[in-house]
Each structure stands twice: as C-alpha cells, then as structure tokens.
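>>> Fold the following, please.
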Amino acid sequence: MRKYIQYYLPVIMFLLILIDTQVTKFLERVSQGIFVGNAHLVILVALVAVPFLSRKYLLSVMICLGLLYDCYYTGVIGIYTVALPLVVFFMYSMKTAVYTNIFTMFFGWVIAITGYELYIVIIHLVFQLGRVNTLFFVTRYLGPSLLLNILLFIVFVYPFQKIFEKG
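Next up is the predicted model:
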C-alpha cells in the first residue's frame with residue numbers, strides 16, 4: 001500500500017490547500033477581520049511525509065501545488081511556487097541535521113511556518129505587490145497563524161503519521 005501513496009498524495013494535498021483556505025476564511029469571518037490565522041495543513045502533511053518520501057518527489061509535488069496556488073489565488077507566478085519547496089527543503093535539511101522526534105518536529109513546524117510567512121511578506125514588500133503594515137502582520141496575522149497551526153499540529157500530526165506509516 002505504501003507504494004500507492006505517491007499517486008494519491010498530490011490530490012490529497014490539493015484538497016488540503018482548499019481546506020486551508022476555507023478554514024482561514026472562516027476564522028477571518030468569525031473574528032470580523034481583526035485576526036487572520038492562516039492554516040497550513042498542506043505543510044503539515046509535507047512535514048510528516050519527509051521521512052517516507054524522496055526529496056525529489058516531494059519537492060516536485062510542492063512546486064506543482066505552489067504553481068496552482070499562485071495561478072488561482074495570487075495571479076503572480078513564483079511566490080508560492082518558490083515558498084512551498086523552500087519549506088520542504090528546510091524540512092529535509094532539518095531531518096538530516098537533527099534527530100527527528102515529535103518535539104523536534106513541533107519546533108521545526110513553528111520555525112517553518114514563521115519562515116514561510118516571513119518569506120511571503122518579504123516578497124510582497126520587495127516587489128511592492130501590496131502594502132504591509134508590520135504591526136498588523138506580527139500581531140494580527142503571524143501570531144494567530146502560529147497559534148492556529150500549533151493547534152493543527154497537536155490535532156493532526158498523529159493521524160497523519162499513522163497514515164504514512166501504514167500507507
């Protein structure tokens with residue numbers, strides 16, 4: 001069954017991108033736009049998949065997903081096409097440098113999400129794709145995003161690990 005995970009993982013990750021967006025929009029509506037917590041289940045699946053899949057395969061999947069994300073959500077090709085593979089590359093680097101257990105995965109998760117969000121904001125600032133208020137970014141976007149993703153990690157890391165171990 002493990003050999004088939006390569007065939008259905010891209011579809012599942014694409015669906016998770018859609019779920020991430022719906023969760024993000026729902027939480028934004030609930031908080032009436034005051035706080036914006038950006039969900040990253042697709043990155044969590046990538047984190048869990050690193051020990052089980054080859055680097056080349058997972059990077060290829062993330063490039064394709066980033067391209068789709070760019071085409072559909074931003075209209076500027078290259079932002080997420082680079083950001084998602086960079087996060088996965090970081091995860092593979094972390095895997096080779098640090099003994100991987102649930103605690104190192106958690107801290108790697110927090111670092112990866114922070115780096116991912118900072119990369120996106122820096123690209124928006126450098127290429128002037130939009131205005132970014134740094135106070136809003138840190139207090140009302142990055143903070144809630146980290147909190148949300150920590151909760152998602154706690155809830156979903158174990159089920160995702162079991163899927164990959166059996167899959």
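>>> State the helix or strand in which the residue most central in space within the chain lies.
The centroid of the chain falls nearest to Ile43 when counting by C-alpha atoms, centre = their mean (2.9 Å). Assigned by DSSP states H and E, Ile43 belongs to helix 41-49.
>>> Tell me which other helices or strands that helix touches.
Using 3 or more C-beta pairs under 8 Å, 6 or more residues apart in numbering; DSSP states H and E, the elements in contact with helix 41-49 are helix 5-30, helix 55-69, helix 79-97, helix 102-126, helix 143-166. Backbone N, C-alpha and C define where each C-beta goes, glycine included.
>>> Now do that helix and helix 143-166, the angle between them.
Going by axes from the mean of the first three to the mean of the last three C-alpha atoms, to 10 degrees, helix 41-49 is angled at 40 degrees with respect to helix 143-166.
>>> In contact with Ser31, which residues are there?
Pro144 (C-beta atoms under 8 Å, 6 or more residues apart in numbering).
>>> Look up phi and psi at it.
The phi/psi pair for Ser31 (degrees, to the nearest 10) reads phi -90, psi 0.
>>> And for the one 4 residues further on?
Here the main-chain torsion angles of Phe35 (degrees, to the nearest 10) amount to phi -120, psi 140.
>>> tell me what the helix or strand of the chain with the lowest mean pLDDT is packed against?
The weakest-scoring helix or strand in the chain, judged by mean pLDDT, DSSP states H and E, is helix 134-136 (a mean of 88). On a contact count with 3+ C-beta pairs under 8 Å, 6+ apart, helix 134-136 meets no helix or strand.
>>> Give the residue spans of the protein that score low on pLDDT.
Low-confidence segments of the chain (pLDDT under 70): 1-2, 167.
>>> go again using 80 as the cut-off
Applying pLDDT under 80 to the chain flags residues 1-3, 166-167.
>>> List the contacts of Phe106.
Contacts of Phe106 by C-beta under 8 Å, 6+ apart are 150, 153, 157.
>>> Tell me how many other residues crowd the spatially closest residue to Leu118 that is not a sequence neighbour.
Leaving aside its sequence neighbours, Leu118 sits nearest to Leu142 (C-beta to C-beta, 6 or more residues apart in numbering; 7.9 Å). Neighbourhood size, Leu142 [other C-beta atoms under 10 Å]: 20.
>>> Could you do Gly78 as well?
Neighbour count for Gly78, taken as other C-beta under 10 Å: 13.
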